[in-house]
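**Q** need coordinates for the below:
(one chain, ligands or ions: 1)
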Amino acid sequence: MKSYHLCKEDYEEVKQRLSMRQVAEHYGRKVKRDGTCLCPFHNDTHPSMKIYPDDKGFYCWVCQKGGDVIKFVALLYGLKNEEACKRLIDDFSLPIHISDLTYKEKRERQKQREREKELRRFREDAYSVLKGYWLLLTEATLDCMDWHFEEALQELPVVEYRLQCLRECPEEYFADREAVRRLGEIQRRIAGWYDRP
Ligand SMILES: [Zn+2]
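**A** Coordinates of the predicted model:
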């Protein structure tokens, strides 16, 4: 563990950068769509932990433990808040230690944050396009008389592969101009799905 001390802004920065779901999942929780998961702080067999809708905190209605991402890690590993916060910084490779940053570094961080935001947006958009196409294709495979049947057989594995890429390495996907261009095509494909050739 690094020997530096954190300042108040560092805590805020960590909380701002990480979502509760992301942290819970990173440390092995399977978070369901409705934001519930098995609580790691009591012997839970039935998801009793709930992630707040703002995705910044958790609460277990059985053992009544709750808090933010830092508290989660502190409880999970029996750490003090400062150590838990450092652990998050390390585990997520967060470029944080604001108190020591120069003006240039702060600007660099600002740019980095904008890039991350852009990437997040790309990821969401790309996911909704691919998922939409995937649904249409899946439907088309059910009926060999469907005039999208051939296309579905051919494209379905490709789309599944792309969804996987998007999940696992969105940065590379985003940097791949060809793949991004293809997304635009898919979008038009979906728009004209029910137009007969
Ligand atoms: Zn609990």
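
**Q** near the ion, which residues of the protein show up?
**A** Within the chain, the positions lying close to the ion (Cβ under 5 Å from the ion) are 39, 41-42, 60, 62-63. Placement of C-beta: from N, CA and C, glycine included.

**Q** emit the ChimeraX select command for whichever of those are buried.
**A** Provided next is the ChimeraX selection string for whichever of these are buried by 16 or more other Cβ atoms under 10 Å:
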select :39,41,60,63
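
**Q** which parts of this structure are strands?
**A** With strands called from DSSP state E, the chain shows them at 36-37, 49-51, 57-60, 66-68.

**Q** and these, which is most packed in?
**A** Among these, judged by mean count of other Cβ atoms under 10 Å, the one packed with the most neighbours on average is strand 49-51 (a mean of 22).

**Q** circling back to that earlier point, can you list the strands of the chain in TSV and add mean pLDDT?
**A** What follows is the strands of the chain, written out as TSV (pLDDT from 0 to 100):
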stretch	mean pLDDT
strand 36-37	96
strand 49-51	96
strand 57-60	96
strand 66-68	97
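
**Q** could you check the pLDDT of the residue most central in space within the chain?
**A** Nearest to the geometric centre of the chain sits residue 22, at 6.1 Å (Cα atoms, centre = their mean). pLDDT for residue 22: 95.

**Q** just checking, residue 19 touches residue 57?
**A** No - counting by Cβ atoms under 8 Å, residue 19 sits too far from residue 57 to count as a contact (10.3 Å).

**Q** what's the biggest helix in this structure, counting residues?
**A** In the chain, taking DSSP state H as the definition, the longest helix is helix 103-141.

**Q** now for that helix, which elements pack on it?
**A** Here helix 103-141 touches helix 149-168, helix 170-175, helix 177-191, going by 3 or more Cβ pairs under 8 Å, 6 or more residues apart in numbering; DSSP states H and E.

**Q** pull out the buried residues from the longest one.
**A** Using 16+ other Cβ under 10 Å as the test for burial, helix 149-168 gives 152, 155-156, 159, 162-163, 165-166.

**Q** and the shortest one, by the same measure?
**A** Buried positions in helix 170-175, judged by neighbour count with 16+ other Cβ under 10 Å: 170, 173-174.
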